[in-house]
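Colleague: my questions concern the predicted model and sequence given below.
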Amino acid sequence: MEGSIAGRAKLPRVAEMRAEVREPNPRMRRPLRDVAEAQTQLGQLLIALTTRKWFLLAMIVLGGAVAGLAGFARPALYEATTQIIVDSPTRSTPQSVGGQDMLDTSIDNHLTMLTSQAHMRRVVEVIYKPTPGGQANTQGSAAQSFVSPTKSKSFASALLAGIWPDHTDVSPEAREAARLKALSRYVRVGQELRSRVITIGFTDPDPARAAFVANTFAQVYVQDLTRTAQASDKLELESVVAALPGVQSDLAQAADRLEKYRLSHGTVDPGAVDNAVRETADLSQQLSMSRADLSSAEARVQQIQELQRSGATNATLAGIIGSPTLSDLIARQGGDSANADLNVAVKREIEQGLERIRSEANIYRAQISTLEARKKVLDAVVADTAGRLSGLRALEPAVSILTQRYNDLLNRQQDLTNRVAVPSAGVSIVSAAWPPTNPKSLSPIFLIPPGMVVFGLVGGVLILLQSRMNRTMRGEAETEAALGFPSVGLLPKISGASAKRLQILTLGQKNSVYGRSALSLLINVAPEPAPGRSSQIVLITSSDKGDGKTELAWSLALSATRLCGKVLFIDLDPHDKHLTHDFVREFGTSKPHRSFADYVKGRCELDEAVVGMPGIGIDFMAAPIVSDDLLKLLVEVDSPRYFADKLGAVYNLVILNAPPGLDGPESRLLTNWADSIVFAVRWARTRRSVARSILESLQPDGPRSAPIGIALTGVNLKQHAKYHFGDSGDLLLAGNR
């Protein structure tokens with residue numbers, strides 16, 4: 001089986017000895033830097049605004065221009081105000097309602113009616129009501145004070161054209177709706193503090209027109225209230241006048257009935273009725289007691305007779321009759337029952353006791369008959385007296401009520417007559433509107449600074465939102481805080497990366513920014529020397545294609561040749577082939593015929609699997625072909641460190657250009673081959689969440705596992721310096737000056 005232990009038996013393992021694992025570079029194990037140590041919150045805010053200063057300046061200029069144009073395009077507005085005062089409300093509510101509450105309720109009612117659609121329609125009708133000459137109505141008292149008769153036509157035309165444009169091509173309903181909308185938009189109604197004064201204001205570009213509309217608005221309201229109050233008073237007066245004859249007739253009839261009743265029934269003493277009622281109550285109580293005694297006596301007689309018929313003993317009869325003599329005779333009879341005289345005496349005593357009970361019952365019957373006869377007489381007297389008294393009491397209140405009703409109607413009639421003659425609306429105009437001289441709207445010049453401030457704030461907010469929502473990474477401290485691994489350096493951005501250009505920047509121009517940054521990255525990644533082994537294997541990977549992984553790998557390999565060591569570049573990324581093929585074409589001595597898979601499976605020796613690049617001092621091992629599955633190959637390798645030691649015996653530095661983490665788990669399996677791992681992060685492009693997920697799969701699981709370092713690739717040093725991160729990017733740019 002390919003890749004198994006048997007397949008690798010051809011390799012000379014015995015000659016190789018396991019070298020001691022070296023200690024990694026301290027920079028790969030150092031504590032992470034904190035972003036807060038490099039920049040404060042205020043510093044980050046200022047840097048974000050500084051990097052987008054031209055956008056912010058453009059927003060400020062745009063805000064000033066928009067505000068200025070809007071201010072100059074809008075004409076100056078004038079507000080004319082008229083004031084009306086509300087009369088103090090009359091107290092017709094319960095005493096628990098305070099005077100201030102009544103006033104507040106009255107003012108709220110007036111404010112509601114002033115802003116109602118019905119009142120505004122009435123104002124529009126009055127303004128547009130034609131005069132007998134066919135012109136619009138401009139003859140209000142306030143309008144005459146500042147509009148001459150010769151200019152009434154032009155004023156009306158300006159009023160109609162300025163406030164509500166008269167569109168002849170629209171329907172009357174739409175024209176009226178437009179006029180109502182304009183009136184409700186520019187009119188203002190409100191209470192002056194806690195007073196009884198209500199202010200009505202109207203805003204318009206023409207001062208005279210504003211005063212005219214404000215006065216008309218108030219006058220129409222007062223006139224409508226006056227007419228409404230007068231019409232209501234007239235209706236109420238008519239109802240009072242119509243009710244007076246009926247009330248007067250009812251009063252006369254009630255007084256006549258009361259007089260006749262007094263003449264026919266005479267006077268009644270209320271005390272006699274009370275005495276008769278008390279006596280009737282006493283008789284009723286006595287009658288109840290007598291009836292109870294009669295019922296008891298009859299029950300005793302009936303019980304004695306039943307006992308005699310049933311043959312009860314004399315002792316039982318004696319107990320019910322309750323006679324001491326009978327009880328004594330029965331006691332004597334108990335000792336001598338054969339005594340005939342004693343028996344006769346007992347029977348006679350029983351008959352006498354029964355007769356006494358019957359006599360008592362007859363006495364109770366006589367008492368009841370007497371009491372009932374007396375009660376009937378008293379009932380008749382009480383009924384007669386109460387009848388006469390109730391008739392009198394029923395007639396007297398009716399006369400009093402009708403008299404009070406008649407007097408109230410007379411007073412109400414007099415009050416309504418006065419109110420109809422002099423109607424009152426409950427409100428009055430205390431200050432008419434005059435054409436204002438000072439505009440209400442601000443000068444357009446004063447609108448420019450607020451517009452600039454508002455647009456500047458909007459621009460700043462947009463910049464901050466863009467900065468907060470940007471999930472990419474730029475600074476080294478920011479990258480360490482986001483990913484949780486130390487940063488080992490950065491690689492500047494170059495245009496048109498090719499094999500020849502990378503060779504010139506790293507080997508030809510050794511003091512270039514790119515060459516120095518690549519060499520610095522290599523030194524930071526390289527492990528510390530350890531006894532018995534002088535080689536190292538560095539794994540280069542990233543999260544996705546386009547992160548500059550291959551460019552970083554070749555830059556590290558080229559920089560390693562400056563340290564006078566043999567370098568092997570193993571390409572394990574079958575997709576990112578452009579730059580690698582460029583190196584093979586430019587510097588390779590021949591086209592590679594063997595691959596990494598052939599070497600691992602034992603199908604060839606090491607010198608057969610590599611291609612020399614003497615022009616740059618690098619040996620190259622090609623990636624496995626498509627038929628050789630890299631994932632399956634790495635899974636079947638039992639001892640990755642064996643091959644690592646084999647490669648380390650020949651080369652000082654081995655660069656493993658691994659596939660991106662999003663392409664599969666190959667990078668995770670290759671971590672067992674490496675002494676250190678470099679994860680490429682594209683400057684301002686790689687997303688934090690994606691890079692963090694890939695790094696979690698590469699997380700070392702032991703103290704002797706390969707450490708991971710982050711390398712920023714494609715860094716725009718000029719843009720990088722604007723953020724003031726204070727990291728190696730600023731040092732590289734400063735050293736290039």
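Modeller: Good, I have the coordinates.

Colleague: low-confidence ranges, the stretch 101-250 of the chain, go.
Modeller: Applying pLDDT under 70 to the stretch 101-250 of the chain flags residues 130-170.

Colleague: recalculate using a threshold of 80.
Modeller: By pLDDT under 80, the weakly predicted segments of the stretch 101-250 of the chain are 128-170.

Colleague: hey, where'd the helices end up in it?
Modeller: 117-128, 141-144, 152-162, 172-186, 207-265 (DSSP state H, counting those that start in this stretch).

Colleague: please apply the same query to the stretch 301-450 of the chain.
Modeller: For the stretch 301-450 of the chain, applying DSSP H, counting those that start in this stretch gives helices covering 314-321, 324-335, 340-421, 444-469.

Colleague: using CSV, lay out these together with distance to L502, mean pLDDT and mean neighbour count.
Modeller: Every residue, glycine included, has its C-beta placed from N, CA and C. Converted to CSV, the helices of the stretch 301-450 of the chain look like this (distance: least, CB to CB, whole Å; pLDDT from 0 to 100; neighbours: other CB atoms under 10 Å):
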stretch, distance to L502, mean pLDDT, mean neighbour count
helix 314-321, 143, 72, 17
helix 324-335, 150, 69, 14
helix 340-421, 106, 79, 14
helix 444-469, 33, 88, 15
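
Colleague: output those as TSV; include the columns distance to A242.
Modeller: TSV is the format used below for the helices of the stretch 301-450 of the chain (distance: least, CB to CB, whole Å):
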stretch	distance to A242
helix 314-321	84
helix 324-335	91
helix 340-421	10
helix 444-469	67
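
Colleague: wait, which of those helices is closest to A73?
Modeller: For these, proximity to A73 was assessed by CB to CB; helix 444-469 is nearest, at 8.6 Å.

Colleague: hang on, E480 packs against P486?
Modeller: Yes - counting by CB atoms under 8 Å, P486 is a contact partner of E480 at 5.9 Å.

Colleague: residues making contact with stretch 103-114?
Modeller: Outside stretch 103-114, the residues within contact range by CB atoms under 8 Å, 6 or more residues apart in numbering are 86, 88-89, 119, 189-191, 196, 198, 200, 217, 221, 426-427.

Colleague: and of the residues you listed, the nearest to E238?
Modeller: The nearest member of the contacts of stretch 103-114 to E238, counting by CB to CB, is G426 at 21.7 Å.

Colleague: does that closest one touch T228 like I think?
Modeller: No - if you go by CB under 8 Å, G426 and T228 don't touch, sitting 9.9 Å apart.

Colleague: the two: which has the busier surroundings?
Modeller: Set G426 next to T228 and count neighbours by other CB atoms under 10 Å: G426 wins out with 16 against 13.

Colleague: quick one: that one from A231, how far?
Modeller: Distance, G426 to A231, by CB to CB, to the nearest Å: 14 Å.

Colleague: which stretches of the stretch 1-150 of the chain form strands?
Modeller: In the stretch 1-150 of the chain, the segments counted as strands under DSSP state E, counting those that start in this stretch are 78-86.

Colleague: roughly how far apart are S290 and R358?
Modeller: Distance from S290 to R358, counting by CB to CB: 16 Å.

Colleague: report pLDDT for L717.
Modeller: If you check L717, the pLDDT there is 88.

Colleague: quick one, phi/psi of it?
Modeller: Per-residue torsions, L717: phi -60, psi -40 (degrees, to the nearest 10).

Colleague: OK, contacts around the residue nearest to it when sequence neighbours are not counted?
Modeller: Nearest residue to L717, sequence neighbours excluded (CB to CB, 6 or more residues apart in numbering): L733, at 4.8 Å. Neighbour list for L733: 513, 717-718, 720-721 [criterion: CB under 8 Å, 6+ apart].

Colleague: now do the contacts for the nearest residue to T82 once chain neighbours are set aside.
Modeller: Excluding its sequence neighbours, the residue lying closest to T82 (CB to CB, 6+ apart) is A433, at 4.1 Å. Counting by CB under 8 Å, 6+ apart, A433 makes contact with 80-82, 142, 200, 202, 210-211, 214-215.

Colleague: and G709, that one's in a strand?
Modeller: Yes - according to DSSP: H, G, I helix; E, B strand; the rest coil, G709 belongs to a strand.

Colleague: counting neighbours, what do you get for it?
Modeller: 22.

Colleague: roughly how far apart are it and M473?
Modeller: For G709, the distance to M473 - CB to CB - is 14 Å.

Colleague: ok, back up a step: closest one of the contacts of A433 to P574?
Modeller: Nearest member of the contacts of A433 to P574, counting by CB to CB, is F202, at 80.9 Å.

Colleague: can you pull the contacts of that closest one?
Modeller: Listed by CB under 8 Å, 6+ apart, the contact set of F202 reads 79-81, 186-188, 210-211, 213-214, 217, 433.

Colleague: I'd like the residues you listed laid out as CSV, including distance to L294.
Modeller: Formatted as CSV, these follow (distance: CB to CB, whole Å):
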residue, distance to L294
E79, 102
A80, 103
T81, 98
Y186, 100
V187, 95
R188, 96
A210, 104
A211, 104
V213, 101
A214, 99
F217, 95
A433, 101
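
Colleague: which of those residues sits closest to S559?
Modeller: For the contacts of F202, the nearest to S559 is Y186 (77.0 Å; CB to CB).

Colleague: neighbours of that closest one, how many?
Modeller: With other CB under 10 Å as criterion, Y186 counts 16.

Colleague: quick one: low-confidence parts of the stretch 601-737 of the chain?
Modeller: In the predicted model of the stretch 601-737 of the chain, residues 626-628, 638, 641, 699-705, 724, 726, 729-737 satisfy pLDDT under 80.

Colleague: pLDDT value on the nearest residue in space to Q367 that is not next to it in sequence, please?
Modeller: Nearest residue to Q367, sequence neighbours excluded (CB to CB, 6+ apart): S290, at 4.7 Å. Looking at S290, its pLDDT reads 81.
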